[in-house]
Structure formats: structure tokens, C-alpha cells
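Participant: Here's my sequence, what's the structure:
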Amino acid sequence: MRALVLGGSGFLGRSIVPALQGMSSDVTAQFASKRHSFPWSWVRYVFPSDDIGRLIQEHDIDTIVCAATITGQHKSSSGKLDDAALNSNLKRFALKISNLRVLYVSTDAVFQGDKGSYGECDPTDPATEYGREQTIIENALREMVGNLLIVRTSYIYGHSAGNIDRRWKNVLSRTGQGEEVEASIRMVKSPVRVDYLATLVARAANSNLTGVLHAAAPQMSVYDFYLRCVAEHGNEEWRRKLIKGTETPVANSSLVCNRQTEIRTLLDA
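Facilitator: This next block holds a predicted model:
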């Protein structure tokens, strides 16, 4: 496998690249503005202005792992998505990668969050512009790419290349300085550790799985998610700074996986 990891310099990408390398894959990591010092094969690529086809030819790529957003700037000053521009650029991009193995890491934001425990076959119904953007990307790739696997995930947390994720970093910084942090008990997610997700993505990229796969983990409220963070990295004083928030609307975008047998086969290989 000769893989190009889009978002190789991002939080998830920095764990996917070594996971792929551990499978004896030839890996090229993409960055848009800032590359890291890791001794990897790096290439600069900016969507949609740069030609992905050129990179594929130059590096003889047969697999693309999209571990970061590929949309560029498609929003107006009001924050509304420009559907026509996004679709146009996505179709040009997807045409260039249509004959490759493609794995796209998507999000639980494609669901509205009014029922929870969303499975792979549930219809998408995004409530936010970000979720709508990801839904458009999923649909464009489905239309153009035959050998496609979409892996949806919730919050990604833990340590990647020595750095803690931004959500945990923020709450540890604030509680460590004695600040009270309110976290919702009414918003429910399925947080997944970055090392597990990176391993799953790397193994799945080198498999024949297609369609949609949920990287599901036990559901918990955002409050419990941050409580886990402080329990692992803080102390009792920091824990007391976490406040249960009840003002936010109820939103449950938790994921369930109906393809557990396939996941177990991947991870046991």
C-alpha cells in the first residue's frame, strides 16, 4: 500500500501515519500550512487550489486517507455554506481519486442529535453548518468513488505524538488555574481514544471494507467526558471545578456500530 494521509500534520493524522508505517506501508503525509519535524515523507497540498492528481502521480499513490477536512473556504461572511462552490470543487477532487482506495474520516455531526445511538444505516440529518458540510462531502465521495469507506467518529481524545487533544488541554488548563468549567450533562457523545481510532483507520484502509463504519465507544455526557480527563490527569481539587451544566438543549449524537464482527477481525489481524 502506498498511502497519502491528508491531514498528516493534524491531531489524528499524527497517529495514523505511524500506524500505517507499522504495517510496512509506504506513507506520504500531507500538510497545508505547517509541517511537523517528524522524519516522514511530507508534501504540501491545499484544497481546492492544488492538483491532487499531480501528487498521486508523483508519489504513485494507491490509497488516500482523509484524516482532516478537505473543503477549504466555502462559507460566506455570515457563516453559511456555499453549496454550489463546495460541490463543484469536490467533484473535481473526487474525479481525480475515483480509481483509488479512499478512507474518509467523518463525524457524528452528520446527525441532528435528537435520538442518539445512531447506526451506520441511519439517514443523515445535520443540525449545523459543519454537519451539513460533512454530509455533502460524504455524498460527493459516495457518488464518485467506488472503493470508499467512511469512518464516522465522535470526540477524539488522548495523546497523539506527545500532544494531548485540544478539549482535554483546555479543561486541564482552566481547572488547573482554579477556574470553574461548566460542562453539559445534556449533551451526549461517544468519545474515542486517538490511538484506537488510528489503528482502526490504518487497518481499515488496508482492507476491502466499504460503506460506512462507526468508530463507536460507550456514550457519555460531555460532563462525564471531562470528568474522565480530570480523573486521569488532574486531582480532586481540579475535579471540584467541574460544574454540571443544564442550560444547553438535549442533544444525543452518540454512535453505535453494527459492524463489530468486521472491526474485531480487523483489529485481531
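Participant: Quick one: find the helix or strand in this structure with the lowest mean pLDDT.
Facilitator: The helix or strand of the chain with the lowest confidence, counting by mean pLDDT, DSSP states H and E, is helix 83-97 at a mean of 91.
Participant: And for the next helix or strand after that one, what's in contact with it?
Facilitator: Following helix 83-97 in sequence order, the next helix or strand is strand 101-107 (DSSP states H and E). Residues outside strand 101-107 that contact it (Cβ atoms under 8 Å, 6 or more residues apart in numbering): 1, 12, 62-68, 130-131, 134, 137-138, 141, 145, 147-154, 201, 204-205. The C-beta positions use only the backbone N, C-alpha and C, and glycine is treated the same way.
Participant: what's the offset of strand 101-107 from the middle of its chain?
Facilitator: Centroid displacement of strand 101-107 relative to its chain, using Cα atoms, centre = their mean, to the nearest Å, is 8 Å.
Participant: Tell me which residues of it come out buried.
Facilitator: 101-107 (16 or more other Cβ atoms under 10 Å).
Participant: Please identify the residue most distant from the middle of the chain.
Facilitator: Relative to the mean C-alpha coordinate of the chain, counting by Cα atoms, centre = their mean, the farthest residue is residue 237 (32.2 Å).
Participant: Tell me which other helices or strands the strand or helix carrying that residue touches.
Facilitator: Counting by DSSP H and E, the element that carries residue 237 is helix 236-240. The contact analysis (3 or more Cβ pairs under 8 Å, 6 or more residues apart in numbering; DSSP states H and E) places helix 236-240 against helix 166-176, helix 222-233.
Participant: Go ahead and flag the most central residue of the chain.
Facilitator: Against the mean C-alpha coordinate of the chain, by Cα atoms, centre = their mean, the closest residue is residue 105 at 4.6 Å.
Participant: separation between that residue and residue 60?
Facilitator: 23 Å (Cβ to Cβ, to the nearest Å).
Participant: Likewise for residue 117?
Facilitator: 42 Å.
Participant: now residue 2
Facilitator: To residue 60, residue 2 is 6 Å away according to Cβ to Cβ.
Participant: Of those two, give the one with the bigger neighbour count.
Facilitator: Applying other Cβ atoms under 10 Å to residue 2 and residue 60 shows that residue 2 carries more neighbours, namely 14 against 9.
Participant: give the contact list for that one.
Facilitator: When contacts are counted by Cβ under 8 Å, 6+ apart, residue 2 touches 25-26, 28, 59-63.
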